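[1] Need a 3D model of the following:
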Amino acid sequence: MQYGETGTRSFEVRNEGLFEFKYAICDITNEEEKQKIKEERKREADERLNGAKEEDDPKGKGKKADPKAAAPAKGAKGGKGEVVPDGTQI
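    Modelled structure (predicted):
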């Protein structure tokens with residue numbers, strides 16, 4: 001191409017690796033678009049973090065398990081009526 005001429009070329013971004021990734025293409029001088037992308041990424045990261053917290057606490061109560069509640073009943077040694085660590089009774 002000669003100086004002053006314009007043209008268009010295209011390219012493809014392809015992920016052929018083992019891990020998923022996100023990308024955004026924007027005009028580096030467009031501050032509004034860059035801010036929008038940053039806010040979207042932050043929102044997605046917060047959602048992932050909140051999802052991980054919910055997996056740690058499947059009932060969604062946000063409380064730690066009471067270690068006394070999960071302990072076997074006193075005097076029970078494998079006999080009838082024993083409370084096992086998951087809280088069920090045998």
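
[2] Can you show me the helices along this protein?
    Listed in chain order, the helices of the chain (DSSP state H) span 31-56, 67-70.

[3] Okay, buried residues for the first one please.
    Which is helix 31-56. Buried residues in helix 31-56, counted by 16 or more other C-beta atoms under 10 Å: Ile37. For the C-beta atoms, the positions are set from N, CA and C on the backbone; glycine is no exception.

[4] okay, the helices of the chain in JSON lines with mean pLDDT and distance to Gly4 next?
    Listed next are the helices of the chain as JSON lines, based on pLDDT from 0 to 100; distance: least, C-beta to C-beta, whole Å:
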{"stretch": "helix 31-56", "mean pLDDT": "88", "distance to Gly4": "28"}
{"stretch": "helix 67-70", "mean pLDDT": "48", "distance to Gly4": "76"}
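
[5] Now render those helices as JSON lines, adding distance to Ser10.
    Below are the helices of the chain laid out as JSON lines (distance: least, C-beta to C-beta, whole Å):
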{"stretch": "helix 31-56", "distance to Ser10": "20"}
{"stretch": "helix 67-70", "distance to Ser10": "60"}
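
[6] Any idea which of those helices gets closest to Leu18?
    Nearest to Leu18 among these is helix 31-56 (18.6 Å), distances taken as C-beta to C-beta.
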